[in-house]
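Colleague: sequence unknown, structure follows:
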DNA sequence: ACGGAGACTGGAAGCGCTTGCAGGATGCTG
DNA sequence: CAGCATCCTGCAAGCGCTTCCAGTCTCCGT
């Protein structure tokens, strides 16, 4: 930490420690046998000189970059930034860097990311979050022997961590059903949203199954599409709760943000939650607790971490990769936005 | 795009184009003279082979990585992820990669970021967002000739883009004063928060100046510290608005999230906004519009972009860096949470 | 027509590390 | 005690590009 001159190379360390550069490399990286005594001497020399390997030289020589690319469709949404946060922390711990690719720039930027950025051997692997990759995008990466792991929708030929969206939806719905609700509305994704996040229609299916299994009728007018934002949920909630007849006594929203929107809509309509209407969401968004929202939690940070774990597995020799997809945990968290259904008023 | 074999090097391109590798390098990178005809031939060959330079080799040889490090204290907050998003887009456009360092892991991770990660010559420059860098952290980076630009609090010896927090606070406050309010409360940062974001106390000062200039009294009991979250703002709002006497008719919150908290608190107390109380925030958070919140907007994405612009300037030869700090734009956006003060009721 | 100034191009020397290979010690086995 | 397996270590050959330098060729000016 004295070096103050920044320009220390492996050579200087070698001299100071009285060994060859080869040994320094081995001592510092832990690859290859080095006697304990030597290792310590090298470590000391390196620290004294403030030596840090040049990742470029190292990568070029070894073929490993100790860097992984994380590709997300958005960044400024709670879910995605949380996943990235989790992944970043896990990678840092392993000594890896994270380079971020955000696709929200549109098709244009998406192409350039896949055709140039990811290919310049800057990353050892990539984590794709909630992304539907085209076959050629996948094969191009695989051709470079770069492991990919996805989080979210299953991607063909790629190890993926997925949330059992049907199960999630089912759990949320059954919670409402168990509370005695029968007129249950669902706020899901609008179709254009469904392109990139199949989760939406999958959750809807889970909802429908649960309803069906309970012998409850599915009514088209109790479904409202929205865009996964609070505002969208609010509009949808207004539609659902504003009707004079057959107002649902419960709403299952496919995301917490939409659920919160519904909650605010209920409030504005003079309905009290959960007395007049029960609401359940999905995510356990940072605001869920504040609003007392009952929700099916998923754990984005942990998802990021797990993706990293899987990746590290793939990058190691023991490539005994298990099944191609792994289920992510989820859990019902009951707060104050759901309650037993009342016998119809009037 | 045929290469399908991924393993194309500059050599192959050179052969296919019938030139030397030196020329290929020049043609593709645009450094050094190459005849138009040759350039085209090389381009064609490269495209046909699906050649993409190895950034490692390139970096090692040239000393430039075309990669910048972005260091943030949090990621899963609207402001930070927006800045990163802006920076990412701008960098992508310039052909740069962004590697992300999130310091929320605590002092431990902070040290390792500064002592190892940023030093391994993986980045050409760093952007520090709302970070107070210690002198040695700065000098260590500067010693490597890595430009740094900061966004937020001024950092000694570093080019910084800063928001005139006093001006912002003043603007918000004066808006309220102009509406006839005299009993104005302020929700600012708690002290522990102020360590990393000096913005908090600076905004408070702006508020105080504005009040003072208008000849209005500053009352300690009309100040509430909070933690920049909706929940924190809610608690603070409750305190402020729940009192039986001298209830403020307006609140200036140092962030939109806190302002929204106040707004919800008002609602829960049966107060109507803006009839009973006017509320103004800072940020133009994505939720501000939904809640009809009047706010002083800052533009985080643009801030990210501008940081990149500045960086590109520093990385170019024309290092005629202007003044060390540059002011960021802000603007009052009036929505429906502020209105003319009523003559005191009763 | 000739010298010189460009404009291009190729040769080749690295950039700073990693790692296969081989040599020298050391420790065991029979 | 010879013979061999082990453990360390150093040598040196690259990793795939960039760029200095020098050489070739074309184009002007005089």
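Modeller: Received it, and whenever you're ready, just let me know what you need. Here the structure is a predicted model, which is why all the values come from computation and not from measurement. Numbers count the residues shown, from 1 in each chain, chains lettered A, B, ... in the order given.
Colleague: Return the distance of the closest residue to residue A:327 other than its chain neighbours relative to DNA strand D.
Modeller: The shortest distance from residue A:327 to any non-neighbouring residue, by CB to CB, 6 or more residues apart in numbering or on different chains, is to residue A:164 (5.5 Å). No exception for glycine: its C-beta is placed from N, CA and C like everyone else's. Applying CB to the nearest atom of the strand, to the nearest Å, the value for residue A:164 to DNA strand D is 42 Å.
Colleague: go on, residue A:54?
Modeller: Going from residue A:54 to DNA strand D by CB to the nearest atom of the strand gives 11 Å.
Colleague: ok, now residue A:218?
Modeller: 57 Å.
Colleague: How about residue A:262?
Modeller: Residue A:262 is 54 Å from DNA strand D, where distance means CB to the nearest atom of the strand.
Colleague: tell me, how many neighbours does the residue nearest to residue A:327 end up with?
Modeller: Using other CB atoms under 10 Å in any protein chain shown, residue A:164 is surrounded by 15 other residues.
Colleague: Surely residue A:57 touches residue B:61?
Modeller: No. Contact between residue A:57 and residue B:61 fails when scored by CB atoms under 8 Å: they sit 10.2 Å apart.
Colleague: low-confidence ranges in the stretch 51-200 of chain A?
Modeller: Within the stretch 51-200 of chain A, the segments meeting pLDDT under 70 span A:191-198.
Colleague: How about the residues of it by DNA strand C?
Modeller: Contact residues (CB under 7 Å from any atom of the strand) of the stretch 51-200 of chain A with DNA strand C: A:51, A:53, A:54, A:57, A:58, A:60, A:61, A:62, A:63, A:64.
Colleague: and the gap between the fourth one and residue A:21?
Modeller: Going from residue A:57 to residue A:21 by CB to CB, to the nearest Å gives 11 Å.
Colleague: quick one: which of the two has more around it?
Modeller: Remark: of residue A:57 and residue A:21, residue A:57 carries more neighbours, 17 against 14, as counted by other CB under 10 Å.
Colleague: Can you show me the helices along chain A?
Modeller: Using DSSP state H, the helices found in chain A span residues A:10-17, A:21-29, A:36-49, A:55-62, A:78-93, A:107-115, A:135-143, A:165-178, A:191-194, A:199-213, A:230-242, A:256-268, A:300-315.
Colleague: average model confidence for the last one?
Modeller: Taken as a whole, helix A:300-315 has an average pLDDT of 93.
Colleague: so that helix versus helix A:78-93, what angle?
Modeller: For helix A:300-315 against helix A:78-93, the angle by axes from the mean of the first three to the mean of the last three CA atoms, to 10 degrees is 40 degrees.
Colleague: Just list what helix A:300-315 packs against, helices and strands only.
Modeller: helix A:78-93, strand A:125-129, strand A:148-151, strand A:159-163, strand A:325-328 (3 or more CB pairs under 8 Å, 6 or more residues apart in numbering or on different chains; DSSP states H and E).
Colleague: Export the ones you listed to a markdown table and append columns for mean neighbour count.
Modeller: Shown next, in a markdown table, are the helices and strands packed on helix A:300-315 (neighbours: other CB atoms under 10 Å in any protein chain shown):
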| stretch | mean neighbour count |
| --- | --- |
| helix A:78-93 | 24 |
| strand A:125-129 | 25 |
| strand A:148-151 | 26 |
| strand A:159-163 | 21 |
| strand A:325-328 | 15 |
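Colleague: Need these in TSV (columns: distance to residue B:232).
Modeller: Listed next are those as TSV, based on distance: least, CB to CB, whole Å:
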stretch	distance to residue B:232
helix A:78-93	17
strand A:125-129	29
strand A:148-151	31
strand A:159-163	30
strand A:325-328	30
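Colleague: do stretch A:274-294 and chain B meet?
Modeller: Yes. For stretch A:274-294, a contact with chain B is found by CB under 8 Å from any CB of the partner chain, at A:286, A:287, A:289, A:290.
Colleague: For that stretch, list every residue counted as buried.
Modeller: Residues A:274, A:276-285, A:287-288, A:290-291, A:293-294 are the ones in stretch A:274-294 that count as buried (16 or more other CB atoms under 10 Å in any protein chain shown).
Colleague: Can you check the distance spanned by that stretch, start to finish?
Modeller: Using CA to CA, to the nearest Å, the end-to-end distance of stretch A:274-294 comes to 10 Å.
Colleague: check contacts around residue A:26.
Modeller: Going by CB atoms under 8 Å, 6 or more residues apart in numbering or on different chains, residue A:26 touches A:32, A:33, A:34.
Colleague: ok, 10 Å please
Modeller: The neighbours of residue A:26, taking CB atoms under 10 Å, 6 or more residues apart in numbering or on different chains as the test, are A:19, A:20, A:32, A:33, A:34, A:38, A:39, A:42.
Colleague: which of those has the most neighbours?
Modeller: Of all the contacts of residue A:26, the most densely surrounded is residue A:42 (24 neighbours; neighbours counted as other CB under 10 Å).
Colleague: what's the closest non-adjacent residue to it?
Modeller: Excluding the flanking residues, the one nearest residue A:42 by CB to CB, 6+ apart is residue A:27, at 3.9 Å.
Colleague: Likewise for residue A:182?
Modeller: residue A:216 is the one closest to residue A:182 (CB to CB, 6+ apart), at 5.6 Å.
Colleague: joint contacts of residue A:57 and residue A:21?
Modeller: The contact sets of residue A:57 and residue A:21 overlap at A:9, A:10 (CB under 10 Å, 6+ apart).
Colleague: From the residues of stretch A:274-294 next to chain B, pick the one nearest residue A:177.
Modeller: Proximity of those to residue A:177 (CB to CB) peaks at residue A:289, which lies at 24.2 Å.
Colleague: what's the spacing between the closest one and residue B:287?
Modeller: Between residue A:289 and residue B:287 the distance is 16 Å, computed by CB to CB.
Colleague: show me the contacts for residue A:29.
Modeller: The neighbourhood of residue A:29, defined by CB under 10 Å, 6+ apart, consists of A:53, A:58, A:62.
Colleague: If you could redo that for residue A:72, that was the one I meant.
Modeller: Taking CB under 10 Å, 6+ apart, we find residue A:72 in contact with A:79-81, A:83-84, A:87, A:100-104, A:127-131, A:151, B:85, B:88.
Colleague: switch to 6 Å and redo it
Modeller: A:80, A:102, A:129 (CB atoms under 6 Å, 6 or more residues apart in numbering or on different chains).
Colleague: got it, and residue A:122?
Modeller: Counting by CB under 6 Å, 6+ apart, residue A:122 makes contact with residue B:55.
Colleague: Now it, what are its backbone angles?
Modeller: phi -90, psi -20 (degrees, to the nearest 10).
Colleague: Report the separation between residue A:53 and residue B:146.
Modeller: As judged by CB to CB, residue A:53 and residue B:146 stand 16 Å apart.
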